[in-house]
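**Q** With the sequence up front, the predicted model follows.
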Amino acid sequence: MDWLLTASIFAYGQTSSGKTYTMTGITEYSVLDIYDYIAKHPEREFILRFSAIEIYNEAVRDLLSHDTTPLRLLDDPEKGTTVEKLTEETLRDKDHLRDLLTVCEAQRQIGETALNETSSRSHQILRLTIESSARQYLGRGNSSTLVACVNFVDLAGSERASQTASAGVRLKEGSHINRSLLTLGKVVRQLSKGRNGHIPYRDSKLTRILQSSLGGNARTAIICTMSPARSHIEQSRNTLLFATCAKEVVTNAQVNVVMSDKALVKHLQRELARLESEMKFPGSASCTSHAEALREKDAQIKKLEKQLNELMEERDIVKSQLDCLLRSDGDDHDDNHTAKRWDEHSRSSRSLARNTSEEALSVSDTCGVSYQDQDHRVFSGSYVFSDDTVFPVQTVELPEETRDQKLMSPWHPPSHHSSSDNTGSYHMKEVAFRSASEVSEEHCREVQCIDIHEHRGITSHEFDLLLPQDTKFQTLELEDISREAVPQPDEDQELESITNKTKTVEDSGEVHQYESNGITNNDIKLYTCNSGLSFDINKPCPRECLSVKRCIMSSKDSALSRSKSCRASFMIIPNSWFDDSEDTSQTPPDEIFRYTPRRLDKVRRSLYPKNDNPSSLDRSMFSGEDVSDEIIKDMSTIDEVDKDISPSDTEETIISDINCVTGLDETDNNHGGELEEYHTQQAVRDGSTTLRSVKHVGIASTPSAIDSPSRWPIDFEKMQQEIIQLWHECNVPMVHRTYFFLLFKGDPADDIYMEVENRRLSFIKSSFSARPAVEGEFNSTMATSLKNLRRERDMLYKQMLKKLCNGEKERVYTKWGIDLSSKQRRLQLSRLVWTQTDMEHIRESASLVAKLVDIVEPGQALKEMFGLNFTLAPRAERRSFGLTAW
Ligand SMILES: Nc1ncnc2c1ncn2[C@@H]1O[C@H](COP(=O)(O)OP(=O)(O)OP(=O)(O)O)[C@@H](O)[C@H]1O
């Protein structure tokens, strides 16, 4: 690496003013000084090179060469303007320099003028280059070299042609000299003004070569010579002006770093050697540092990854918690309260739970098997009875024993005939389908389809209007039935407890919304019906009165009702189905569904409690005083509806139609407009959304099989499955299910019966799910419905002895997955029938029930009994198993 410094010494003045004389002396003394310096610095090695040119008539000549060929000027970006092929002599000593100066003097163009016998006719530039390096670093490759240049410039003198008396060659030389000097004067003047404008370096070879010395990175000294003669005053004045401008020029001399090719090659070679060494020896210091840095980075990455994983886990946990909270939402409040309440009341309510379950009611009056130990487990996952409320509990609160049974007990016969030999497993049947299927799964699913506002507007008064007046008698009737059907003292006492609860509620004389033990609006609210009539529990209950029990049980806030797609937990159990307990217990299965005149009378009295005149039905029916609306529904027929409809009593007809819920198209066609108008008015008047729901369920038409026969098979299967599901949910008697299933097997003409059945069940489900429940009614209805089912099962249990021989029994047991070595096989089988909703199970159940109850042949059965031709007129001669009400 070289360090470059440039210096220049000019001699400017008119001809014969002593420029050459002066510069010769300066050059000589400079060389002497330089050599003195070299002598004083022996530690450094100096190399002096010398070159000399002249610019004669704008041509560059090498003064150290005998060749007079003009030299070209080259522009180098680093070194500036250089002279091509210039001879550069390395000085051996100062004598050598003197010899060269002598050569240059000899080579320079000199001419005789009038003013000077040895007038210099060219500009002479002597360049002395001095390189110095420290001797101690020589040969190690890391030494630096200082390079300095000194330009000794002897300009030709400006002259007047008149004064020099030049002509010819001399005149030409003089013109070139003056032109170049004029350019030098311009450059100096421009430089003295600053470097903003254009500086005409290239207007002459003199200024072009001296560019760096004049205004660049160099130290420059200008010696102006003048003649004292008066005759040269004008030239002297010009010289002074030039000198004045030159003094204004500011140069910025710096030491320049110049990388020579040789030095560059050395530098690159050293760098290459270093890199090769690192590659050959990875364990070198640099590589080691790099490896350490990589290890540190890896550790940092691992640490960050660990932190990231932790954060992701925390995020997942929080997200799952949030999801749970969102899912549960208000339901969580219920469940929490429920769980808490269960803890608080489970002991005291255990007896109540038993009474409400079918299995709890299925005491050992028929088989002698007691289920009391399991009743609690059963109901612990189904319903919780507190002092004031009844509500479902999700199975999460089930005791472990029950959960284990649920998980292990394969209650899916006949497709999975692996029933437990434990007779207690029967408990799992109704409970599994009620608590696990409805309460747990469906309940959880329903939570997400709660319609919050659908039935918010319903009031207790409106609910009163929709309940039959004789509801209040139901408690007593239920009590009687319970005593008859459940002879065991403990369960009798429990039923009585339920009845007392209902009675307590009713005695309050108004609709109650029960809150206790911290239960808030999120808890279940049961409502009872107050017909306004006095109730004397000691007064005998008029058995002729057809009692329809309703129980509305909502697992949500009263303001939260289930959507239409949700399954409602309610039942309307026809006490008349087993209204005469004694008769029922003694009546053969094929007789229990038979219409009786007494029953029809009850219907009439319920329909027309005052004057037994259908036309007397008026708006008071909706006042809640004298109406047994659901009874009207269940026992009225289309024929009678048609008969009853008249312009004067349209509303009665509509009421009947609403309650009928059959929603037959023919009725709609005849009275659709009136119905629509009435429903609208009634809804507006009462603000009841329930009526709208009723209308929707009962009136909406669906495509019939006749309209689209090609779709009927698909629609039939779909509707059949829906009906089966509704049977299951509404605790429809098994004999009814059996008859219906065997009777309607896909005949397109049967679509209306399917539709009626479906709508009837759907209405019961949807309309009552929208209403608040009454605790007492719920208890009694639950007990009644489940008890009826249990009685049917007991009936089947007995019928097996009569209808099945030993071989048949074994085949049936095997088919239903009952272990032949287990005990109470008949009981097990009776508890398995009609417990599932898959078609294979349905077919097997229907077949078995039909065989056991001597059910009438489907071809002989009357389809009309299932909907169309119901009449209020008694048909004692017909075997009746039709749908009445539940
Ligand atoms: N300081 C001085 N002392 C004694 N003699 C001098 C001095 N300066 C110049 N001279 C003499 O003056 C004469 C002219 O000098 P010189 O050649 O140096 O002039 P110049 O400016 O170079 O002229 P030109 O421009 O024509 O070359 C020379 O003979 C020289 O010896």
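**A** Received, thanks. Note that this is a predicted model, so its numbers are computed, not measured.
**Q** Locate the closest residue to the ligand within the stretch 701-850 of the chain within the secondary structure: which element?
**A** Across the stretch 701-850 of the chain, the shortest distance to the ligand (Cβ to the nearest ligand atom) belongs to Ile714, at 126.1 Å. Bear in mind the C-beta positions are built from the backbone N, C-alpha and C, glycine included. Using DSSP states H and E, Ile714 falls within helix 712-730.
**Q** Can you name the next helix or strand after that helix?
**A** helix 734-743.
**Q** In terms of secondary structure, what does that next one contact?
**A** Contact here means 3 or more Cβ pairs under 8 Å, 6 or more residues apart in numbering; DSSP states H and E; on that basis helix 734-743 packs against helix 712-730, helix 775-803, helix 839-853.
**Q** Distance of Thr113 relative to the ligand?
**A** 7 Å (Cβ to the nearest ligand atom, to the nearest Å).
**Q** Disregarding flanking residues, what is the spatial nearest neighbour of Ala218?
**A** Excluding the flanking residues, the one nearest Ala218 by Cβ to Cβ, 6 or more residues apart in numbering is Thr6, at 4.0 Å.
**Q** strands paired with the helix or strand that neighbour falls within, and their directions?
**A** Taking DSSP H and E as the definition, Thr6 sits inside strand 2-13. Partners of strand 2-13 in the sheet, by DSSP bridges, are strand 145-154 (parallel), strand 219-225 (parallel), strand 256-258 (antiparallel).
**Q** sorry, back to before: and the residue nearest to Ala218, how far from Asp323?
**A** Relative to Asp323, Thr6 is positioned 82 Å away (Cβ to Cβ, to the nearest Å).
**Q** Which one's more surrounded, the two?
**A** Set Thr6 next to Asp323 and count neighbours by other Cβ atoms under 10 Å: Thr6 wins out with 24 against 10.
**Q** So what does Pro733 have for phi and psi?
**A** Note on Pro733: backbone dihedrals following degrees, to the nearest 10 are phi -60, psi 140.
**Q** number of nearby residues for it?
**A** Residues near Pro733, counting by other Cβ under 10 Å: 25.
**Q** and Ile818, how many neighbours does it have?
**A** The burial count for Ile818: 25, using other Cβ under 10 Å.
**Q** check whether the following helix or strand past the strand holding Thr6 contacts the ligand.
**A** Using DSSP H and E, the helix or strand that follows strand 2-13 in sequence is helix 19-40. Yes. Contact of helix 19-40 with the ligand (Cβ under 6 Å from any ligand atom) involves 19-21.
**Q** Would you indicate which residues of the helix or strand following helix 19-40 are buried?
**A** For helix 19-40, the following helix or strand on the C-terminal side (DSSP H and E) is strand 44-56. Within strand 44-56, the residues scored as buried using 16 or more other Cβ atoms under 10 Å are 44-46, 48, 50-56.
**Q** Quick check: the two most widely separated of those?
**A** Farthest pair in the buried residues of strand 44-56 (Cβ to Cβ) is Arg44 and Tyr56. Separation: 37.6 Å.
**Q** Around the ligand, pick out the residues from the protein.
**A** 15-21, 116, 118-120, 156-157.
**Q** Apply 8 Å and report the result again.
**A** Residues of the chain found near the ligand (Cβ under 8 Å from any ligand atom) are 11, 13-22, 24, 110, 113, 115-121, 154-157, 159, 225.
**Q** Rounded mean pLDDT for the helix or strand encompassing Glu810, please.
**A** Taking DSSP H and E as the definition, one finds Glu810 inside helix 806-815. In this model, helix 806-815 has a mean pLDDT of 86.
**Q** what's the following helix or strand after that helix?
**A** helix 825-832.
**Q** Which secondary structure elements does that following helix sit against?
**A** helix 426-431, helix 775-803, helix 806-815.
**Q** in the stretch 751-886 of the chain, which segments are predicted with low confidence?
**A** 767-783, 855-886 (pLDDT under 70).
**Q** Next, count neighbours for Glu43.
**A** With other Cβ under 10 Å as criterion, Glu43 counts 10.
**Q** wait, what's in contact with it?
**A** By Cβ atoms under 8 Å, 6 or more residues apart in numbering, the residues touching Glu43 are 134-136.
**Q** Excluding chain neighbours, what is closest to Gln725?
**A** Nearest to Gln725 is Thr837, by Cβ to Cβ, 6+ apart, at 5.6 Å.
**Q** pretty sure the one you found belongs to a strand, no?
**A** No. Read with DSSP: H, G, I helix; E, B strand; the rest coil, Thr837 is coil and lies in no strand.
**Q** So for stretch 144-157, mean pLDDT?
**A** 85.
**Q** please renumber so the chain begins at 27
**A** Okay, residue one is now 27; in that scheme the one you just asked about reads as stretch 170-183.
**Q** Surely Leu830 and Val838 touch.
**A** Yes. The pair Leu830 / Val838 is scored as a contact, 6.5 Å apart, by Cβ atoms under 8 Å.
**Q** quick check: domain ranges of this protein?
**A** 28-288, 353-892 (automatic domain parsing).
**Q** before we move on, the earlier item: now for the residue nearest to Ala244: which residues touch it?
**A** So Thr32 contacts 174-175, 177, 238-239, 243-245, 279 (Cβ under 8 Å, 6+ apart).
**Q** same deal with Asp102?
**A** Contacts of Asp102 (Cβ under 8 Å, 6+ apart): Thr108.
**Q** What backbone torsions are found at it?
**A** phi -110, psi 130.
**Q** Identify the residue spatially nearest to Gly39, adjacent ones excluded.
**A** That would be Thr251: by Cβ to Cβ, 6+ apart, it lies 3.2 Å from Gly39.
**Q** Tell me, how many residues neighbour the one you found?
**A** With other Cβ under 10 Å as criterion, Thr251 counts 21.
**Q** for Thr171, same thing?
**A** 20.
**Q** Surely it and Arg161 touch.
**A** No. Thr171 is beyond contact range of Arg161, at 11.8 Å (criterion: Cβ under 8 Å).
**Q** Enumerate the beta-bridge partners assigned to the spatially closest residue to Leu117 that is not a sequence neighbour.
**A** Distance criterion Cβ to Cβ, 6+ apart; nearest residue to Leu117, sequence neighbours excluded, is Leu74 at 4.0 Å. Beta bridges link Leu74 to Leu117, Ile156, judged by DSSP bridges.
**Q** and what of Ile81?
**A** Beta-bridge partners, per DSSP bridges, of Ile81: Val86, His149.
**Q** so it touches Leu207, yeah?
**A** No. Using Cβ under 8 Å, Ile81 is not in contact with Leu207; the gap is 11.1 Å.
**Q** shared neighbours of those two, anything?
**A** The contact lists of Ile81 and Leu207 share Leu232, where a contact means Cβ under 8 Å, 6+ apart.
**Q** pLDDT of the one helix or strand Asp342 maps to, averaged?
**A** Using DSSP H and E, Asp342 sits in helix 311-382. In this model, helix 311-382 has an average pLDDT of 70.
**Q** so what's the closest residue to Thr48 other than its chain neighbours up against?
**A** Of all residues not flanking Thr48 in the chain, Ala37 sits nearest, at 5.5 Å (Cβ to Cβ, 6+ apart). Counting by Cβ under 8 Å, 6+ apart, Ala37 touches 45-46, 48-49, 52, 179-181, 249, 251.
**Q** Take these and lay them out in JSON lines including distance to Trp842.
**A** Output for those, formatted as JSON lines (distance: Cβ to Cβ, whole Å):
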{"residue": "Lys45", "distance to Trp842": "138"}
{"residue": "Thr46", "distance to Trp842": "140"}
{"residue": "Thr48", "distance to Trp842": "139"}
{"residue": "Met49", "distance to Trp842": "135"}
{"residue": "Ile52", "distance to Trp842": "134"}
{"residue": "Val179", "distance to Trp842": "129"}
{"residue": "Asp180", "distance to Trp842": "135"}
{"residue": "Leu181", "distance to Trp842": "133"}
{"residue": "Ile249", "distance to Trp842": "134"}
{"residue": "Thr251", "distance to Trp842": "140"}
